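**Q** Got a predicted structure plus its sequence, pasted below:
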Amino acid sequence: MLSLHVRNQPQLALKTLNDRRLRIFGPFVVFVVGTLFFRLNWYFEEPLSTVLRSDLIALGAGYICWNLARWVVLSLQNRYPGLASTRRRLQWMALLLPVLVNIAWIIRRVGHMAFNGLDTFWAPLPEYTYALGIQLFYHAVYFVIYEVSYVMQAWQQTYERNEGLKKDKLQHQLDRLKSQINPHFLFNSLNILSSLIYEDPRKAEDVVDEISIVYRYLLRVNDGELTTLGAELQFIQSYFHLLQTRYGVGLDLQIRVEAEKRDFKLPALTLQLLLENAVKHNVMMPDRPLKIVIETQGQSLLVRNNLQRKNTPVLSNKVGLTNIATKYRLLGKGDVSIQEIDGQFIVTLPLLANQPELIVRS
C-alpha cells in the first residue's frame, strides 16, 4: 500500500543558536561591563591580591551562571516554541529569575568561602541585597541575548513562511486562471462539436449546452475560493458529459453523495482537477473502463478510481494534486490524504462547514 499525506505545514523547528564564541567571550565581556558600572571604585580601596581573587571568583561564577541561564532559556524555548508563546516564556523567566540570582549568589559565596574560610559564607543584608541587584543585571543580559536572538529567528521564519504562502496563493490563482482558459480543452471540445454537427445534430446541441455550463462555472468561480459540494457536483456532471462524449463507455462516473452533505464546502474546481488527473494517467477502453467514484464518508469526500496506468509514461508535474493541497493549506482547514490501496487511487478531502459560500447560477 502506498500512502501519502499532505498536511498543513507545521511550524518549522528553529535552529539552535550557534553560540560557541558567545559562550567563551560573553561572560568575560559582561563581567568587564558590570565591573565598570558596579565595582570600579572597589579597585582603589582593596589590596590587589584581594581584588584579583575576587575577580577570579566572580568570573568563574559568571561562566557557570551564563551556562545555567542559557540552559533555562533554551529549555523554555523548546517547551514553548514560536512567537505566539513569547509571553509564556517571559513569564517563566520572571518566575525563575529570583531562583537563578540566588544560585549565583551562593556560587560566589562558596568561592569566597573556599579562599577565605567557612565564616565568610554569610554576608550582611545590605551586601546581600546589593549583590542580588548586580546578579539581576547579569541574568537579565543573559536572558535578553538568547531570547532576542530566538525571537528574531522566529520572526524571520514566520515572515518567510508567510511570503511562501503568498507566492503559493499567487501561483494557485495563476494555475486556476490557466485552467479556466484552457486552449487544449477548448480545442478538444470544439473538435467534438464539429464532428457531431453533421453526424448527430441533436447531440451537438447537448454538447453546446454542456460547454456553456462548464465555461459559465469557470468564469463565475472567480468570485470566491470555495463553493458548495452541490454546485461542484452540478458542474462536474457537465464536465464529465464532455469527457464521455470523447471517451464513450471507456469512462464511467458514479456519484454517491448524501443529500445533507451537498451544502458543505470545498475549494472550487477540486473535482475537475481530480477527474482530469484520473483521465490523464489511466487507460480507458470499452472492455476496461476507467471507473471514477465520488462519495461522502463522514465529514470527508472520497474521490477514487481504479488504477490502470498507461504503458507510456505521462509527463506530469503533479500541479493538479499540488494545487488541491495548496488550497487547503491556504484555508488552514484539515488534511488532504492521497493513497493507493488494492488497485484504487483514493483522494480524501475534508468537507468544510461554516465557510463563505460561492453561489453558482445557471
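**A** The structure has been received and is ready for your questions. Fair warning: this is a prediction, and the values are worked out from it, not measured in the lab.

**Q** Doesn't residue 74 belong to a helix?
**A** Yes: with DSSP: H, G, I helix; E, B strand; the rest coil as the criterion, residue 74 is located in a helix.

**Q** Which segments of the protein make up each domain?
**A** Domain segmentation of the chain under automatic domain parsing yields 13-175, 226-350.

**Q** Quick one: end-to-end length of the last one, please.
**A** The distance separating the two terminal residues of domain 226-350, taken as C-alpha to C-alpha, to the nearest Å, comes to 13 Å.

**Q** Among the domains of the chain, show me which one is buried the most.
**A** domain 226-350 (a mean of 17; mean count of other C-beta atoms under 10 Å). Where you see a C-beta, it was placed from the backbone N, CA and C, and this is true even at glycine.

**Q** just how off-centre is that one within its chain?
**A** 25 Å (C-alpha atoms, centre = their mean, to the nearest Å).

**Q** what residues does stretch 294-301 touch?
**A** The contact list for stretch 294-301, computed with C-beta atoms under 8 Å, 6 or more residues apart in numbering, reads 229, 233, 236, 253-258, 261, 264, 266, 271, 302-304, 348-351.

**Q** In strands, which of those residues fall?
**A** Cross-referencing the contacts of stretch 294-301 against strands under DSSP state E gives 253-256, 266, 302-304, 348-350.

**Q** Compare the mean pLDDT across the domains of the chain and name the weakest.
**A** Here the lowest mean pLDDT among these goes to domain 13-175, at a mean of 76.

**Q** Which stretches in the protein count as helices?
**A** 20-38, 48-79, 86-116, 125-180, 183-199, 201-220, 229-247, 270-281, 319-331 (DSSP state H).

**Q** can you tell which of those is closest to residue 313?
**A** Smallest distance to residue 313 across these (C-beta to C-beta): 9.8 Å, for helix 270-281.

**Q** helices and strands around that closest one, which ones?
**A** Packing partners of helix 270-281 (3 or more C-beta pairs under 8 Å, 6 or more residues apart in numbering; DSSP states H and E): helix 229-247, strand 290-297, strand 300-306, helix 319-331, strand 344-350.

**Q** Quick one: closest of the domains of the chain to residue 197.
**A** Short answer: domain 226-350, nearest of the domains of the chain by C-beta to C-beta, at 12.9 Å.

**Q** so how far does stretch 276-291 reach from one end to the other?
**A** Using C-alpha to C-alpha, the two ends of stretch 276-291 sit 13 Å apart.

**Q** who touches that stretch?
**A** 243, 247-252, 254, 292, 305-311, 314, 316, 320-321, 345.

**Q** please redo it, this time with the cut-off set to 7 Å
**A** 243, 247-252, 292, 305-310, 314, 320-321 (C-beta atoms under 7 Å, 6 or more residues apart in numbering).
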